[in-house]
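S.K.: Fold the following for me, if possible:
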Amino acid sequence: MKHDLFIVRHRKWFIFFPLVITVLMLIPLVKARVNTNLMDYLPDDIASKINLDKLEQQFGKYDPVMVIFECEDVLQPITLERIRMLDKVFNRSDKIEKVLSVYELKYIRNVEGSMLVDPVVKRIPESAESCESLRLEIKDNPLVYNLLVSKDFTCTLMLLNPVETCSDKELVELIRQTLKDTPGEERVYVGGLPTLRYDIQRIAIRDILILMPLGLFIMLLTLYFSFRERKGVLLPFSIVCMSIVVAMGLMPLLGFDFSLIAVLVPVMMIAIANNYGVHLMTRYQELNVIHPRWGMKRIVNESVKKLFMPIILTALTTIVGVLGLLSHVMIPPRQMGIVTSAGIFFALLTSLTFMPAVMSGVKKGKASKHFNETPNDLIGKFLSWAGRVVTGNPRTVIAVFTLFVVLSGIGMTRLKVTINQDEMMPVNNPLRQSVALLNQQFGGTKSLSVLFEGDIKSPEVLQAMDRFGSDVKKIPEVSNVTSLATVIRTMSKAMNKPEDAFYNKIPDDRDAIAQYIELYTMSGDPSDFEQMVDFDYTRSVVTVQFRANIYKSYKKTESAIQQLASDIPYCTLIAGQSQIEKELADAVITGQISSLLFALIAIILLLWLIFRSLRAGLMGSIPLVVSLVCTFGLMGWFGLQLDIATSLLSSIAIGLGVDYTIHLFWRMNHELLHGKSWNDAITYTLRTTGRGIAINAFSVMVGFAVLLFSGLTILKAFGFLIIFSLLLCLLCALILIPALLKLGQPTFLFIPSKYQTD
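M.R.: Numbers count the residues shown, from 1 in each chain. Next up is the predicted model:
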């Protein structure tokens, strides 16, 4: 029994089962979790994560929220009073483990031959003289100046490290509410990774709740204006809705968290899942015009028979393209590749079963005017124009496309990779502003921790640590280096006069070093050293703070630090959040290259197999190459950087864009085998199948257009770039490829396909 007749005969079951599967896939969504921690997006076996885990096991996790206070002078009494009140509130909180502020860090001085350790701000200055005295003390304190207080005294920093059981939501909401309850005239900016994670999660959930309904509504409008039939709107729409539920439900079912890019899954389903239904509806309307006396069942059967193989093959190429994400280094793109491919496969099955089953049981609509010889709608006019241009001036068409590709491709030399997670947020976001202030006033937001092992109290180790710090400071991007050696130097300055031999130096005697530390613990708090040295003084950390706004600058700085550390036998480990950020950037590059090569090679091989010609595979890949070169060139020209979202462009664009070429080849093959000339075959193909391709492409672009309303900058950029990429694929498929076919007249289009039907 024929496949199409079987569907019509058992139509109730083909309607019932997809609906049941959809309802069942709603159940796992109740257990869905959101994870926006970018550090979890990399595999656990990468070196940077392993090194950071080792460091945190020895010195504890340090993942603070940074609160910046900005005013004309942070030493004015009203500002210091506000910071004092906030310091007390945060120290009393059971959600905050450690507070660092001008009231917590220490000022080391010599009083009558004894070391005295006081808070930097012991009391609020009451006069201009005492204020200036405090200012001089801070300038002379390397543990505070340019670290917690900016050089121009317009900003001061408070660091709040949470207890391990405190969630980002609890921490950030506590800090923001406390700041609100303790008002002041200062401008306050809250930053740090916990804040970034919390805000991204909040925006991502908002995007899913708003963008998905918005995308569905826009898709409904697009389908209505394309077909002007109720069935042409509701059937593709129902397939999209079911595919979204299946794809999203698979994530918790497979144990996947909703990541930052999970918002792309429903958007991709909106954009892709209606593709196959669009082509079926277009062929139904075409047959309804050509054969007005045919009944609905016959039209449905003929539509499915004509499009069964091209729809399967285009779905297969889309799935293969999306599965290119499996070669990505980062975990979320792999997960997205799996669930999106499953959703596309479900959309394919329902388009070839559920949709024909429903259509065979409804009344036939009026004949569409879109397939007249002189169409009046915008798409029809464009396709008629394209047919005239391609058949009349193919060389001009090719020359124009070549020039555009060359000019766009030059921009690829300017393409950069982002290493700044804050750039996911809008420019006017307070977190972005806090990062700008940290870079401007506090020496940068990047840092690396260098672990020294040995007898930390020995002069050899501390002097090596001190020399290392001095050498690292010579690197142009480095602003601050702090370590136990910095503290010992500060003690030596306090306990000796400038003319003394030991002034501002690491002592040559171990007992002298031990005595300095003992004197500090008698007046100060031994826990002040917790972030620098372990309790038995066998391991110590040197913290390097630097500026690096681009990937190239970061790699240069890190390489210089690594080189200096390699010459010191006591340096055993380099770690830090910044190093993981660099790994993320590396993953973006390698993921982009690997997924691009995988998808492109797979598509060429598939087209080769389908049309039994390597030339078909190479020619079919031309729109994809043109699209990707121009898209990445555009990114370079406009300063758009590669990030976790834009690194997905190649696989998705390849998977979607190749569909247009397959449908074009398929219809051209059919028309040429039925005796049409090249000009007539091109013109008729563009007017019929070209209409389905155009509607398909515009519906996909409209689906992705909802990303332009996202609250995250990276998703907005991705939305814009994928639309641009698909538009180029469409123009190549409808104009460039027909022009190449007209000039080249390849023989593979005259070979009857084993999948082709009369």
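S.K.: any idea of the mean pLDDT in stretch 173-186?
M.R.: The predicted model gives stretch 173-186 an average pLDDT of 94.
S.K.: Need the residues that contact that stretch.
M.R.: Contacts of stretch 173-186 with the rest of the structure, by CB atoms under 8 Å, 6 or more residues apart in numbering, involve 65, 67, 69-71, 74, 78-79, 82, 85-86, 89-90, 93, 95-96, 160, 188, 190. Glycine gets a C-beta too; all of them are placed from N, C-alpha and C.
S.K.: switch the cut-off to 10 Å
M.R.: Judged by CB atoms under 10 Å, 6 or more residues apart in numbering, the contacts made with stretch 173-186 from elsewhere in the structure are 65, 67-72, 74, 76, 78-79, 81-83, 85-86, 88-90, 93, 95-96, 154-156, 158, 160, 162, 166-167, 188, 190, 192, 194-195, 198, 430.
S.K.: mind listing what's buried in that stretch?
M.R.: 174, 175, 176, 178, 179, 184, 186 (16 or more other CB atoms under 10 Å).
S.K.: Repeat that for stretch 414-432.
M.R.: Neighbour-count burial for stretch 414-432, counted by 16+ other CB under 10 Å, picks out 415-425, 429-432.
S.K.: Can you get me the start-to-end distance on it?
M.R.: Start to finish, the residues bounding stretch 414-432 are 24 Å apart (CA to CA, to the nearest Å).
S.K.: Okay, and the beta partners of residue 100?
M.R.: In this structure, residue 100 has the following beta-bridge partners (DSSP bridges): residue 159.
S.K.: Return the distance of it relative to residue 279.
M.R.: As judged by CB to CB, to the nearest Å, residue 100 and residue 279 stand 62 Å apart.
S.K.: what helices or strands is the host helix or strand of residue 250 leaning on?
M.R.: Following DSSP states H and E, the helix or strand that holds residue 250 is helix 230-253. Where contact means 3 or more CB pairs under 10 Å, 6 or more residues apart in numbering; DSSP states H and E, helix 230-253 is packed against helix 11-25, helix 193-227, helix 264-272, helix 275-290, helix 331-352, helix 354-359, helix 689-705.
S.K.: Next, the angle helix 230-253 makes with the last one.
M.R.: It stands for helix 689-705. Orientation of helix 689-705 against helix 230-253 (axes from the mean of the first three to the mean of the last three CA atoms, to 10 degrees) gives an angle of 50 degrees.
S.K.: Residue 569 contacts residue 465, correct?
M.R.: No. Distance between residue 569 and residue 465: 12.0 Å, which falls outside the contact criterion (CB atoms under 10 Å).
S.K.: what sits in contact with each of the two?
M.R.: Between them, residue 569 and residue 465 share these contacting residues under CB under 10 Å, 6+ apart: 452, 454.
S.K.: Of these two, give the one with the bigger neighbour count.
M.R.: Neighbours per residue, other CB atoms under 10 Å: of residue 569 and residue 465, the larger number sits with residue 465, 27 against 12.
S.K.: quick one: contacts for the residue of the chain positioned farthest from its centre?
M.R.: Relative to the average C-alpha location in the chain, and by CA atoms, centre = their mean, no residue lies farther out than residue 112, which sits at 58.7 Å. Under the criterion of CB under 10 Å, 6+ apart, the contact list for residue 112 is empty.
S.K.: Please apply the same query to the one 5 residues further on.
M.R.: Under the criterion of CB under 10 Å, 6+ apart, the neighbours of residue 117 are 106-109, 491, 494, 519-525, 528.
S.K.: Inside helices: which ones of the residues you listed?
M.R.: The subset of the contacts of residue 117 located in helices under the criterion DSSP state H comprises 491, 494, 519, 520, 521, 522, 523.
S.K.: still on that earlier bit, alpha carbons of the helix holding residue 250, as CSV, please.
M.R.: Listed next in CSV are the C-alpha coordinates belonging to helix 230-253 (Å, rounded to 0.1, in the frame of the first residue of the first chain):
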residue,chain,number,x,y,z
ARG,A,230,-6.9,29.2,7.7
LYS,A,231,-5.4,25.8,7.2
GLY,A,232,-2.2,27.4,5.8
VAL,A,233,-1.9,29.2,9.1
LEU,A,234,-3.1,26.7,11.8
LEU,A,235,-1.4,23.5,10.5
PRO,A,236,2.2,24.8,10.3
PHE,A,237,1.5,26.7,13.6
SER,A,238,0.4,23.5,15.3
ILE,A,239,3.5,21.6,14.1
VAL,A,240,5.7,24.4,15.5
CYS,A,241,4.0,24.4,18.9
MET,A,242,4.3,20.6,19.2
SER,A,243,8.0,20.7,18.1
ILE,A,244,8.8,23.3,20.7
VAL,A,245,7.3,21.2,23.5
VAL,A,246,9.2,18.1,22.3
ALA,A,247,12.5,19.9,22.0
MET,A,248,12.2,21.8,25.3
GLY,A,249,10.8,18.7,27.1
LEU,A,250,13.8,16.7,26.0
MET,A,251,16.2,18.9,27.9
PRO,A,252,15.2,18.0,31.5
LEU,A,253,14.3,14.5,30.3
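S.K.: export the helices and strands packed on helix 230-253 to CSV and tack on mean neighbour count, distance to residue 683 and mean pLDDT?
M.R.: Written out in CSV, the entries for the helices and strands packed on helix 230-253 read as follows (neighbours: other CB atoms under 10 Å; distance: least, CB to CB, whole Å; pLDDT from 0 to 100):
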stretch, mean neighbour count, distance to residue 683, mean pLDDT
helix 11-25, 15, 37, 91
helix 193-227, 19, 21, 83
helix 264-272, 27, 29, 81
helix 275-290, 24, 15, 82
helix 331-352, 24, 28, 91
helix 354-359, 24, 29, 88
helix 689-705, 24, 9, 82
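S.K.: Would you reformat the ones you listed as TSV and include distance to residue 607?
M.R.: As requested, the helices and strands packed on helix 230-253 are exported to TSV (distance: least, CB to CB, whole Å):
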stretch	distance to residue 607
helix 11-25	30
helix 193-227	27
helix 264-272	19
helix 275-290	18
helix 331-352	18
helix 354-359	26
helix 689-705	16
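S.K.: So for residue 483, which of those sits nearest?
M.R.: Evaluated over the helices and strands packed on helix 230-253, closeness to residue 483 peaks at helix 193-227, with 22.8 Å, by CB to CB.
S.K.: The closest one: how far from the chain's middle?
M.R.: If you compare the mean C-alpha spot of helix 193-227 with that of the full chain, they lie 16 Å apart, counting by CA atoms, centre = their mean, to the nearest Å.
S.K.: got the buried residues for the helix or strand hosting residue 52?
M.R.: Element membership of residue 52, judged by DSSP H and E, is helix 47-59. When burial is assessed from 16+ other CB under 10 Å, helix 47-59 yields the following buried residues: 48, 49, 51, 52, 55, 59.
S.K.: mind listing what the first one touches?
M.R.: I take that to be residue 48. Each residue near residue 48 by CB under 10 Å, 6+ apart is listed here: 39, 42, 574-584, 586.
S.K.: What pLDDT is listed against residue 144?
M.R.: In this model, residue 144 is scored at 90, pLDDT.
S.K.: That one and residue 575, how far apart?
M.R.: Using CB to CB, one gets 25 Å for the distance from residue 144 to residue 575.
S.K.: domains of this protein?
M.R.: By the record's domain assignment, the chain is partitioned as 3-39+198-364+377-414+583-750, 60-197, 430-582 (automatic domain parsing).
S.K.: count of residues packed around residue 498?
M.R.: As a burial measure, residue 498 scores 7 neighbours (other CB under 10 Å).
S.K.: hang on, isn't it packed against residue 504?
M.R.: Yes. Here residue 498 reaches residue 504: they are 8.0 Å apart, a contact under CB under 10 Å.
S.K.: element containing residue 498, please.
M.R.: Secondary structure assigned from DSSP H and E places residue 498 in neither a helix nor a strand.
S.K.: which ones are touching it?
M.R.: For residue 498, the residues meeting the contact criterion (CB under 10 Å, 6+ apart) are residue 504.
S.K.: quick one, phi/psi of it?
M.R.: phi -60, psi -30 (degrees, to the nearest 10).
S.K.: got it, and residue 504?
M.R.: Dihedral pair for residue 504: phi 60, psi 40, per degrees, to the nearest 10.
S.K.: Residue 603 belongs to a strand?
M.R.: No. Residue assignment for residue 603, taken from DSSP: H, G, I helix; E, B strand; the rest coil, gives helix, which places it outside any strand.
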